[in-house]
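**Student:** need coordinates for the following:
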Amino acid sequence: ENIETVNKLNFKKASNVEILDAMFKTLRENITKTIKECKTWDIDCEECWIINPLVQKIYDFYDIYADQLWQIKSSENILDFDDLEKFALKLLEDEAVLSEIQDEFDFVFIDEYQDTNPVQEKILKLISKNSKFMAVGDPKQGIYGFRNATSKIMKDDILNIKNIGGEVYYLYSNFRSDPRILDFVNGVFSGIMFDSNTGIDYEKTSMFDGRAEYQKTDLPAVRIDVLNEKEEKECTKKEYIYNIFNDDLKINQNHKFEAEVIANRINELVMSKIYDPKINALREVDYKDITILVRKKSPLIERILEVFAKNKIPVISTINSDLFSCEEIEVLMNLLKICIDPFDDVALASVMASKLGEYTLESLSDIRKFNQDKKYFYEAVMAHEKGKNVFDKIEEFKILSYAKGIKFAFDNLFTKVDYYSYLLSKDDGINQKAQIEKFLEIVLNSGYNFDIPSLLNYLKIKGARSSNLNSSANAVSISTIHASKGLEYPIVI
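**Tutor:** Reported below is the predicted structural model:
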């Protein structure tokens with residue numbers, strides 16, 4: 001039914017593009033919902049399709065995908081990390097191989113055991129069957145579920161290990177954090193983390209015992225700011241008549257109130273004193289003492305950078321959230337790359353699959369499929385009837401770059417493919433258009449507007465500098481919770 005609807009659509013009409021986008025969004029949501037439902041069913045995965053026929057379709061699509069992926073890997077003699085795990089386990093099915101490897105080890109030590117996946121667990125337990133086995137981890141810190149790791153493995157072992165003559169030790173002492181912070185954490189999690197809802201009895205197994213000694217200061221150990229949504233909306237009101245093309249609300253105002261609150265807190269902090277256990281004394285707070293932890297890369301980071309700049313708060317970020325990480329900018333960079341090296345297959349495919357090339361993934365697949373004797377994708381494109389168009393565009397771009405400048409060449413290409421209209425049709429289109437315009441401004445002012453190789457080198461250096469973290473700089477740092485695991489900060493926001 002969806003395929004019939006798609007075939008009837010005229011994609012030159014923006015409304016039909018919206019219909020298609022809505023269809024795929026609905027389909028994606030249904031598949032995601034179905035997969036989540038499957039995880040709650042207490043039956044074998046192979047039986048799920050009986051309850052929901054869509055499950056069988058998901059299996060069918062995955063089988064097709066897995067088969068084609070394996071064909072590509074086999075033809076290129078490539079194995080990914082999942083393959084290495086799978087084939088390692090396959091090798092251990094051979095009794096002679098398993099016995100030889102088991103004889104190699106007297107002790108097997110595993111760190112971060114909560115991030116083990118089922119295949120890794122089988123490998124480890126087969127190898128360590130005749131050895132002394134020791135695992136260290138914290139089920140509360142399991143963060144690799146996206147690659148099939150599960151802390152359930154460690155939780156089950158904690159319950160079962162005593163039955164095979166093993167021992168379990170819980171480590172409560174903390175020599176790093178202010179005891180007042182630990183008291184706060186204990187108070188929160190002892191009231192919400194139980195064996196019945198998480199598989200962890202926090203009060204019995206995880207209560208921190210603070211052993212560090214901290215001098216008291218005027219700063220509270222923990223402070224909670226609750227942002228008022230009404231205040232935020234009032235902070236971002238516009239006084240003029242709304243115009244979508246002039247609107248900067250999405251770009252500049254989202255999260256602005258939150259960023260301003262953070263800036264105010266930092267200005268208060270740098271006027272205070274903090275206890276430094278390294279010198280066993282109080283000292284003034286520096287900007288580099290403060291870090292802001294976020295769940296993931298988000299528009300909030302851009303707003304923080306803007307607000308901090310206005311407040312003259314120095315800041316550095318470990319998150320590659322700068323201009324050059326934008327997908328559309330990467331396509332423009334790839335266009336520059338293939339102007340000097342058309343054999344860069346990744347860059348060429350990226351440009352062809354983008355709005356600039358206007359090739360579908362199916363047509364790219366056809367180009368490679370019908371020219372498998374060609375070593376490089378560039379050669380396959382040149383040999384295929386569908387390939388001429390993209391190189392006509394690239395050649396025109398190169399000529400205009402050397403004659404009238406790279407920015408002019410981009411402007412000309414954007415006009416031909418109606419690029420800005422395409423961007424503005426996307427959810428984050430206004431922001432992406434602003435990023436493209438900022439990129440073109442950098443190109444124009446770089447000093448290399450007529451020199452593609454030098455411009456690429458300049459942009460590479462500029463991109464590296466903008467995302468580089470200089471730990472010695474006296475500046476507030478921004479990082480993700482994931483990236484900060486195991487690190488220590490005096491003040492965390």
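**Student:** only C-alpha atoms for contact and neighbour calcs from this point on.
**Tutor:** Fine.
**Student:** please save the CA atoms from whichever strand or helix holds Tyr65 in CSV.
**Tutor:** Here Tyr65 sits within helix 53-76, counting by DSSP states H and E. Included here for helix 53-76 are C-alpha records, laid out as CSV according to Å, rounded to 0.1, in the frame of the first residue of the first chain:
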residue,chain,number,x,y,z
PRO,A,53,3.2,-10.2,11.6
LEU,A,54,5.3,-7.1,11.3
VAL,A,55,8.0,-8.9,13.3
GLN,A,56,8.4,-11.5,10.5
LYS,A,57,8.9,-8.7,8.0
ILE,A,58,11.6,-7.1,10.2
TYR,A,59,13.3,-10.5,10.3
ASP,A,60,13.0,-10.9,6.5
PHE,A,61,14.5,-7.4,5.9
TYR,A,62,17.3,-8.1,8.3
ASP,A,63,18.1,-11.4,6.6
ILE,A,64,18.4,-9.6,3.2
TYR,A,65,20.6,-6.9,4.8
ALA,A,66,22.8,-9.4,6.6
ASP,A,67,23.3,-11.5,3.4
GLN,A,68,24.2,-8.6,1.2
LEU,A,69,26.5,-7.2,3.9
TRP,A,70,28.3,-10.5,4.2
GLN,A,71,28.8,-10.7,0.4
ILE,A,72,30.4,-7.2,0.4
LYS,A,73,32.7,-8.2,3.4
SER,A,74,33.7,-11.5,1.7
SER,A,75,34.5,-9.8,-1.6
GLU,A,76,36.8,-7.3,0.2
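**Student:** any idea which helix or strand comes after that helix?
**Tutor:** helix 81-91.
**Student:** what does that next one contact?
**Tutor:** Helix 81-91 has contacts (CA atoms under 8 Å, 6 or more residues apart in numbering) with Val97, Leu98, Val119, Gln120, Lys122, Ile123.
**Student:** where does the prediction get shaky in the protein?
**Tutor:** Regions of the chain meeting the criterion pLDDT under 70 cover residues 1-24, 38-55, 229-254, 318-325, 385-387, 427-428, 431, 461-473.
**Student:** which parts of it are strands?
**Tutor:** Ranges of strands in the chain, per DSSP state E, are 107-110, 132-135, 173-174, 209-210, 273-276, 281-284, 290-294, 315-317, 476-480, 491-492.
**Student:** which of the contacts of helix 81-91 are buried?
**Tutor:** When the contacts of helix 81-91 are checked for burial by 16 or more other CA atoms under 10 Å, the buried set is Leu98, Gln120, Ile123.
**Student:** now, which of those residues lie within helices?
**Tutor:** Applying DSSP state H to the buried ones among the contacts of helix 81-91, the entries found in helices are Leu98, Gln120, Ile123.
**Student:** please report the distance of the first one from Asp115.
**Tutor:** Right, Leu98. The gap separating Leu98 from Asp115 is 24 Å, by CA to CA, to the nearest Å.
**Student:** cool, the last one as well?
**Tutor:** Look at Ile123 and Asp115: by CA to CA, they are 14 Å apart.
**Student:** quick one: distance of the helix holding Tyr65 to the chain centre.
**Tutor:** 24 Å (CA atoms, centre = their mean, to the nearest Å).
**Student:** that helix - contacts with which helices or strands?
**Tutor:** helix 14-40, helix 48-51 (3 or more CA pairs under 8 Å, 6 or more residues apart in numbering; DSSP states H and E).
**Student:** out of the contacts of helix 81-91, which one sits closest to Arg368?
**Tutor:** Val119 (34.1 Å; CA to CA).
**Student:** got a list of what the closest one touches?
**Tutor:** Residues in contact with Val119 (CA under 8 Å, 6+ apart) are Glu85, Lys86, Leu89.
**Student:** okay, the residues you listed in CSV with distance to Val492 and neighbour count next?
**Tutor:** Compiled in CSV, those are given as follows (distance: CA to CA, whole Å; neighbours: other CA atoms under 10 Å):
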residue, distance to Val492, neighbour count
Glu85, 38, 15
Lys86, 40, 13
Leu89, 42, 18
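**Student:** I'd like those as CSV, with distance to Leu487 appended.
**Tutor:** Below are these laid out as CSV (distance: CA to CA, whole Å):
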residue, distance to Leu487
Glu85, 29
Lys86, 33
Leu89, 34
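**Student:** next, the buried residues of stretch 132-150.
**Tutor:** Residues of stretch 132-150 classed as buried by neighbour count (16+ other CA under 10 Å): Phe133, Gly137, Asp138, Pro139, Gly142, Ala149, Thr150.
**Student:** wait, the fourth one sits on Gln114?
**Tutor:** What that stands for is Pro139. Yes - taking contacts as CA atoms under 8 Å, Pro139 lies within contact range of Gln114: 5.1 Å.
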